[in-house]
Structures are given as C-alpha cells and as structure tokens.
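[1] got a sequence here, can you build the structure:
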Amino acid sequence: MSLHGKVAIVTGAAQGIGRAASIQLASLGAKVVVTDAGNERTLQAIVSEIAAAGGEALAIPADARSREQMELLVDTAKNAFGRIDVLVCHSTHGAKAATFAELAWEHFEQRLTDELKAAFESTKAVIPTMQAQHFGRIIYLSSTEGKDPTPQYIAFGTAKGGLDTFARYIAQEFGPYGITANIVAPGFVRADASCGISEEEGRVIGSFTPLGRIAGPEDVAGVISFLASDSAGFLTGTYTPVTGGLVME
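    Okay, here's the model as predicted:
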C-alpha cells in the first residue's frame, strides 16, 4: 500500500490517533500537513520525527472549527504541496462524563458544536480542491459510542452519532466527484485522551475482546491509512468499528 504523490491534512494531530495517523500516512509516502489548535511545539516535533524517517510534513496550527483558519491552512498546504488528497478529521475535544440528569444544555450544545463544526468547517475547506481534482479521501474519526450508548456519555455519543450521519451525507453528495467519505469508529484506545481510562481498566476491557486487548493509536491509524489509499477507492459511506471484535458490524 502506497500513498506516494498524495497530500494529507490531519486535524487533531497533536496527540493519540491524530499523531499516529500523521506518522503512518507519511511512512507510506504521503506529504502530511499536521494541524491542531495551540500545539505548535508538539506539531513541530511530529514534523521533525517524520523528516527524520525520510518523510515530508508541514505544521500549521489551526482550530478546525474556524472557517478562516481552515481556509488559510488549505491555501498554505496547496502552495507548499500543490494539491489536497486526504482529510483526516479527528476531533480532540474530549469526552466529559455526565448523566442526562446532571447535564446542562450548555454543555450538551457545546459538545455537539465542537464536534460537528470541526467536521463541517474542515470539510468545507477541502471540498472545492477535491472537486476540482475529481479525487478526494475524507476520513472521519467517530466512536462506537455514537451507536452503542455508554452510561454518562450522552453528549459525546450524540455528537458522534451526528458525525456518522454527516459523513454519510458527504459521501452521497460528493461521490460523483470522485470523493469518498468514510467513518472510523474506535472503541477504547490506549493513550487516547478521549477515553479517560486507566491502564488497569484498559487491561480489563481488553480481556473481553476476541483479540484480548484494547487498540493502540497505531491500530486505528492502520485503518485510516487503508481508507486513504487507492485500495479503498470503491468504499464510501462505510462505518468501521476498531474494537478488536468487542463491537462487530
């Protein structure tokens, strides 16, 4: 599997799955633009790591919820690399546990806004270029909690469920332009800030999976890389749980 000649943007790239995806996409030959809000030093460290391995990357700090910042990012990336082939939309706003009885509308609304506006604005920024190229791969990072409720995560799960629906509409509307849109839905992920579980809790949860462990960021990155590749050219609107079999579709 090769991504040589492709240019990828990864939002939420400073940590966890976003970082792992950036490094893996670069290892397969893609030129990678890593972005996150307010994490320039961390982003530069990822660029240095990619460069040390012989890859090419560019760090552009930006808030994926901002139309202006994402449009500037895309313009800068195109000036540097000439095109945009892949968008990995990875929200890193985290999940705050609260029952519905405890939940205030303001927190619920903010969670929905953070998730969906990041997807909306980042997609809005890359679509014109992908349409002109008649080629694009968009990968949205969701969560199994969007389909399978977890106690106290109603805001997070509802936001991810909305993202799943949004992605399918993008897949439908832009398929005629050669643009695919797919959903990757991890369960618990080791070293992912959104999980909020201890190492011991991870071992316990992993013992219930057919594969005997929870995912690492690199496991999710592998699925992202496949969906970004030409091998996945006839897949769009798909939902892939990355759970070691704990959730099966």
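[2] just give me the neighbour total for Thr150.
    Neighbours of Thr150 under the rule other C-beta atoms under 10 Å: 15. All C-beta atoms are positioned from the backbone trio N, CA, C, and that covers glycine.
[3] contacts only, for it.
    Applying C-beta atoms under 8 Å, 6 or more residues apart in numbering to Thr150 gives the contacts Gly157.
[4] what about stretch 230-238, start to end distance?
    End-to-end distance of stretch 230-238 (C-alpha to C-alpha, to the nearest Å): 15 Å.
[5] what lies in contact with it?
    Contacts to stretch 230-238, defined as C-beta under 8 Å, 6+ apart, come from residues 1, 137, 167-168, 171-172, 175, 180-183, 226-227.
[6] doesn't Val247 belong to a strand?
    No. Checked against DSSP: H, G, I helix; E, B strand; the rest coil, Val247 lies outside a strand; its state is coil.
[7] tell me the phi and psi of it?
    Phi and psi for Val247, reported as degrees, to the nearest 10, are phi -120, psi 130.
[8] can you flag the buried ones in the contacts of stretch 230-238?
    Among the contacts of stretch 230-238, the ones that count as buried by 16 or more other C-beta atoms under 10 Å are 137, 167-168, 171, 180-183, 226-227.
[9] inside helices: which ones of the residues you listed?
    167-168, 171, 226-227 (DSSP state H).
[10] these two touch, right, Lys78 and Ile84?
    Yes. Assessed by C-beta atoms under 8 Å, Lys78 is found in contact with Ile84 at 6.4 Å.
[11] what's the overlap in contacts for the two?
    Residues touching both Lys78 and Ile84 (C-beta under 8 Å, 6+ apart): Thr129.
[12] those two: which has the busier surroundings?
    More crowded of Lys78 and Ile84, by other C-beta under 10 Å: Ile84, with 25 against 15.
[13] now for the more buried one: which residues touch it?
    For Ile84, the contact set (C-beta under 8 Å, 6+ apart) comprises 7, 9, 74, 77-78, 126, 129-130, 133, 136.
[14] ok, now Val34?
    Counting by C-beta under 8 Å, 6+ apart, Val34 touches 10, 13-14, 18, 22, 43, 46-47, 57-60.
[15] after the lengthiest strand in the chain, which helix or strand is next?
    When the chain is parsed with DSSP state E, its longest strand is strand 179-186. Using DSSP states H and E, the next helix or strand after strand 179-186 towards the C-terminus is helix 199-206.
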